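S.K.: prediction below, plus the sequence it came from.
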Amino acid sequence: MKLADVKTVAIVGSGNMGAQIAQLCSQLAGLKVVMTDTKQELVDAGLKRQRDSLQKYFVDKGKMTADQAKEILGRISGTANLAQAVANADIVIEAVFENMALKKDIFKQLDAAAPAHAILATNTSYLSVTEIASVTKRQDKVCGMHFFNPPAVMKLVEVVRAVLTAPETAEVIFDLAKKLNKEPIYCRDTYGFLANRCATITGDEDAIDLLWSHVAPPEDIDRAVRLGFNRPMGPLELGDLTGGWNIQVTGEEDRIKELGFAKGHVHPMIRMMVRAGYTGGPGKKGVYDFWKEVISKW
């Protein structure tokens, strides 16, 4: 299946995330959208959010006409019956809260009710997509599609490939994200994916470990941080610019004394990189070069 074959998307969860994702699918991709939730009043609340959003941010500001808003809303419907919502879906995007048992229960239901060709995507921000997929009989058609909050504004979408996700499945989700005016990046199924793994760091362990583990190349790790958290630079490009890798190695002993062994220990890749002369800094090779010339070839 290609994105051109996708006509209908079902959204499971009509809260802020689900309602905004549904609106994007209709507004920017021109798709028919069906939202579902556990109660009809929750679905109705999601539909109201969309009406209010289009009126306040688009019609009232002269960015679209009332007729255009009506057309967008006309492609979106809702029901509390999950099986009915996904019966004709080409893609299903689950956007409920982060609870593994709940998501696995939903995916069992989706697997039974959605058409055999349908792709099942989860908006989880850190749970194992592989484990979620394991309860289905179509693990090749299960993928992560992690929007950042609020999805109407944030540009990043992490396309998470589970162990058995087929390349064509990830490609359809990637292309859909682009159609929604997002900047998607591919990521392997690892806890926290890219942006959340790097959220609390400025240039060392977690970002380097993602690179060392071949989860993603350096440019995607940095993009995840820049786009996911509106930072001017990613941790790896910052380390290359400042020559921070050499400082990490030379200051390791002092950091261990201050922070304890677990937090003060330098990742073995940084030590290897610096020994090979990839220290970063003006006019010097850094982690981007080390990835391209050494690590990516291992």
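M.R.: Structure's in. What do you need? Numbering: from 1, shown residues only.
S.K.: thought residue 149 was touching residue 15?
M.R.: No - the criterion here is C-beta atoms under 8 Å, and residue 149 misses it with residue 15 at 10.4 Å. For the C-beta atoms, the positions are set from N, CA and C on the backbone; glycine is no exception.
S.K.: more neighbours: those two, which one.
M.R.: residue 15 (15 against 12; other C-beta atoms under 10 Å).
S.K.: quick check: pLDDT value at that one.
M.R.: Residue 15 is assigned 93 on the pLDDT scale.
S.K.: so who does it touch?
M.R.: Listed by C-beta atoms under 8 Å, 6 or more residues apart in numbering, the contact partners of residue 15 are 37, 42, 46, 95.
S.K.: from residue 38, how far out is it?
M.R.: 11 Å (C-beta to C-beta, to the nearest Å).
S.K.: make sure residue 184 is indeed in a strand.
M.R.: Yes - inclusion of residue 184 in a strand is indicated when DSSP: H, G, I helix; E, B strand; the rest coil is applied.
S.K.: so what's it up against?
M.R.: Residue 184 sits in contact with 156, 157, 158, 159, 173, 174, 177, 178, where contact means C-beta under 8 Å, 6+ apart.
S.K.: over to residue 228?
M.R.: Going by C-beta under 8 Å, 6+ apart, the list of residues near residue 228 reads 148, 154, 156, 158, 194, 195, 196, 199.
S.K.: any weak-confidence spans in the protein?
M.R.: For the chain, residues meeting the criterion pLDDT under 70 lie at 197-205, 247, 251-264.
S.K.: taking the contacts of residue 184 one by one, which sit in helices?
M.R.: 173, 174, 177, 178 (DSSP state H).
S.K.: of those residues, buried ones?
M.R.: 173, 174, 177 (16 or more other C-beta atoms under 10 Å).
S.K.: and which of those residues is nearest to residue 7?
M.R.: Relative to residue 7, the closest of those is residue 173; by C-beta to C-beta it sits at 15.8 Å.
S.K.: residue 45 versus the closest one, what's the distance?
M.R.: Counting by C-beta to C-beta, the gap from residue 173 to residue 45 is 27 Å.
S.K.: what's the most distant pair in the ones in helices among the contacts of residue 184?
M.R.: Checking the ones in helices among the contacts of residue 184 with C-beta to C-beta, the most distant pair is 173 and 178, at 10.0 Å.
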